[in-house]
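>>> whatever this is, show me its structure:
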Amino acid sequence: MPFVIGDDDTLLHPEFGEAGAALASLISACRRSLWLRVPELDALTADSAVCDALKRLALRSAKTDIRIQYDSQDKAVRNGHRLVHLARRLPSRIQMRQCQDDDRDNQLCFAIGDGTGLFEAAGWPRPGRLDLCGHRLPRAPRLSRQFQEHWERAASSIELRELRL
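Next up, the predicted model:
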């Protein structure tokens, strides 16, 4: 699903089984920023295509803004998670924060690339539909503002930090 953020305003509806590939295509198209909001660190964020795309984006430039916000980390802490390991290896490039209790919403699952590209899977892991758009989807600015507000109140998780001895 290759596309260019900022050029193509075609709204795509990938199948549920293509969610990881759709998110990875948005991440791969990003040049400056990626803001990812998920209910929990689960299979979607542990998908190898998603983690590989995040790693390439993180290593592309030190100025790239990668923020990942989540409600629950329980499974990731208990079982381990590819994204957590990647963020530990690149702590200055990938920021992760847990939402405050008042901001938690298990229906929110989206990614905003370069301020205008949008991947949305409301209701993840059982979304009604998936949306992927490279430009001008009207929900992107609203979700960006909401993400920023929640980000300012969110906190880093002590449990996800790597203990160095």
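>>> okay, and the closest residue to residue 53 other than its chain neighbours sits in which element?
Leaving aside its chain neighbours, residue 53 sits nearest to residue 27 (3.8 Å; criterion: CB to CB, 6 or more residues apart in numbering). The C-beta positions use only the backbone N, C-alpha and C, and glycine is treated the same way. Residue 27 is part of helix 19-29 when elements are defined by DSSP states H and E.
>>> export the helix or strand just after that helix as CSV, just CAs?
Using DSSP H and E, the helix or strand that follows helix 19-29 towards the C-terminus is strand 33-40. Below are the C-alpha coordinates for strand 33-40, written out as CSV (Å, rounded to 0.1, in the frame of the first residue of the first chain):
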residue,chain,number,x,y,z
SER,A,33,6.8,12.9,12.6
LEU,A,34,4.7,10.0,13.7
TRP,A,35,2.2,10.1,16.6
LEU,A,36,0.8,6.7,17.4
ARG,A,37,-2.1,6.1,19.9
VAL,A,38,-3.1,2.6,20.9
PRO,A,39,-5.2,1.1,23.6
GLU,A,40,-2.4,-1.4,24.6
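>>> what is the helix holding residue 27 packed up against?
Helices and strands touching helix 19-29, by 3 or more CB pairs under 8 Å, 6 or more residues apart in numbering; DSSP states H and E, are helix 43-46, helix 48-60, strand 110-113, strand 117-120, strand 131-133.
>>> apply 7 Å and report the result again.
helix 43-46, helix 48-60, strand 110-113, strand 117-120 (3 or more CB pairs under 7 Å, 6 or more residues apart in numbering; DSSP states H and E).
>>> so which residues make contact with the helix ranked longest in the chain?
Using DSSP state H to define each element, the chain has its longest helix at helix 139-153. Identification of contacts with helix 139-153 by CB atoms under 7 Å, 6 or more residues apart in numbering yields 35, 37, 67, 69, 97, 99-100, 103, 110, 112, 115-116, 118, 120.
>>> give me that answer again for 6 Å
35, 37, 99, 100, 103, 110, 112, 116, 118 (CB atoms under 6 Å, 6 or more residues apart in numbering).
>>> ok, now stretch 25-41?
1, 5, 45, 53-54, 57, 65-73, 76, 81, 106, 108-114, 117, 119, 147.
>>> could you do stretch 113-131 as well?
Taking CB under 6 Å, 6+ apart as the rule, stretch 113-131 contacts 5-6, 13-14, 19, 22-23, 26, 30-34, 107, 109-112, 132-135, 137, 140.
>>> of those, buried ones?
Buried subset of these (neighbour count, 16 or more other CB atoms under 10 Å): 5-6, 14, 19, 22-23, 26, 30, 33-34, 109-112, 132-135, 137, 140.
>>> great, nothing more from me.
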